[in-house]
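Trainee: can you look at this prediction? I've put the sequence above it.
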Amino acid sequence: MELTQLRYFITIAETQSFTEAARRLHVSQPALSYQIKHLESELGAVLFHRTSRQVSLTVDGKAFLPLAQGVLRKADEAAHFMAERLGVERGEVTMGAVPSVGNQVIPRILSSFRRNFPGVRVHVTVAGSRELEDLVLDGDVDFAIVSAPSTSDALEVTHLLVEELVVVAPPGHELGSRHSISFLELQKYEWILPDKSFTLTSQILQACERAGFEPDVAFETGSLESVLSFVQNDLGIGILPRLALSAHPQGELVVLPLQEPLTRDLNLIRARDRYTSVAAKALLVHTRTTMLSSFPPGGQPTGRVT
């Protein structure tokens, strides 16, 4: 007895027609009839009354139908279970993150994830929030960690944490003697900003506008790492998320909190109606759990550089 024969039998019972069953199963009618005859021979029972106008189940056929359905259901469950298991063990996932998270946090997340799922291949896309949102909606990225609040109903958004933005200055800078600084005091310094594709830049410029000044921007750069490099080389000051500083040992930079706290939300986004593989779900849950357990709820990341 084969699963294929059981599937054929169930389909004929549902349609009450060899012709319609053959069409649904994409097999020829003679091949379908041949398999049913073999099944009946193996069972030693006639399963269908056949006339020129109608096909119906015999008494034995009616008794056998729920048994066949049960066997097929169990087989499908077993196949689904193994597909999920192999999906986690051998899957492929693409995740995205804004630079401060992608460069500093994601390696830690993937290190622990890989210990549990060594066969899953993970691709990481580091980009700005707007680009990541488009990539998630287009299906090019399974999920992403972004800093910009999304307004798209097509996205499922999970809040992860509130990240503090701090002032960074080069070693030996006059701000090194301060414990904090007001935003207005920053207007006398030259600034290094990420380029305007970063939502962080928009947030900083809006804060400057609220404080009543336009910053003296000496350089715009294409990454948060380059902002740090420019600051370290005494080309200006910057404002960056604390996570972007976690790889820099104490003393490499002057880091000051703002007296008027400036923060940004980090959110995990995925497309609501797009299929998420088992491997992607496993990494998504692991990422969310790690982020929420590593940082205090509603607070700032641990491991500050001060």
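Mentor: Cool, got the structure. Quick caveat, the model's predicted, so the values are computed rather than measured.
Trainee: pLDDT on the helix or strand residue 64 falls within, on average?
Mentor: Element membership of residue 64 [criterion: DSSP states H and E] is helix 59-90. For helix 59-90, the mean pLDDT works out to 77.
Trainee: ok, now stretch 40-51?
Mentor: Averaged across stretch 40-51, the pLDDT comes to 89.
Trainee: if we can go back for a sec, beyond the helix holding residue 64, next helix or strand please.
Mentor: Per DSSP H and E, the first helix or strand lying C-terminal to helix 59-90 is strand 92-97.
Trainee: pairing partners for that following strand, with directions?
Mentor: Applying DSSP bridges to the sheet, strand 92-97 is found paired with strand 121-126 (parallel), strand 143-146 (parallel).
Trainee: and the first one, how far out from the chain middle?
Mentor: Strand 121-126 sits 10 Å away from the centroid of its parent chain (CA atoms, centre = their mean, to the nearest Å).
Trainee: mind listing what's buried in stretch 5-21?
Mentor: Of the residues in stretch 5-21, 5-13, 15, 18, 21 count as buried by neighbour count, 16 or more other CB atoms under 10 Å. Bear in mind the C-beta positions are built from the backbone N, C-alpha and C, glycine included.
Trainee: for this protein, longest strand please?
Mentor: strand 254-271 (DSSP state E).
Trainee: please name every helix or strand in contact with it.
Mentor: In terms of contacts (3 or more CB pairs under 8 Å, 6 or more residues apart in numbering; DSSP states H and E), strand 254-271 is packed against helix 129-138, strand 143-146, strand 155-169, helix 199-211, helix 278-294.
Trainee: redo that, cut-off 7 Å
Mentor: Secondary-structure packing of strand 254-271 (3 or more CB pairs under 7 Å, 6 or more residues apart in numbering; DSSP states H and E): helix 129-138, strand 143-146, strand 155-169, helix 278-294.
Trainee: contact partners of whichever strand or helix holds residue 49?
Mentor: Following DSSP H and E, one finds residue 49 within strand 48-50. With contact meaning CB atoms under 7 Å, 6 or more residues apart in numbering, strand 48-50 is reached by 12, 55-58, 61.
Trainee: neighbouring strands - and their directions - for that strand?
Mentor: Counting by DSSP bridges, strand 48-50 is paired with strand 55-57 (antiparallel).
Trainee: in the protein, which segments are predicted with low confidence?
Mentor: 79-89, 149-150, 246-251, 293-306 (pLDDT under 70).
Trainee: ok, 50 please
Mentor: Within the chain, the segments meeting pLDDT under 50 span 296-306.
Trainee: show me it divided up by domain.
Mentor: 3-89, 90-161+266-294, 162-264 (automatic domain parsing).
Trainee: can you give me the end-to-end span of the last one?
Mentor: This means domain 162-264. 6 Å (CA to CA, to the nearest Å).
Trainee: buried set for the helix or strand containing residue 101?
Mentor: Under the criterion of DSSP H and E, residue 101 resides in helix 99-104. Applying a neighbour-count criterion of 16+ other CB under 10 Å, the buried positions in helix 99-104 are 99-104.
Trainee: for my notes, confirm residue 42 occurs in a helix.
Mentor: Yes. With DSSP: H, G, I helix; E, B strand; the rest coil as the criterion, residue 42 is part of a helix.
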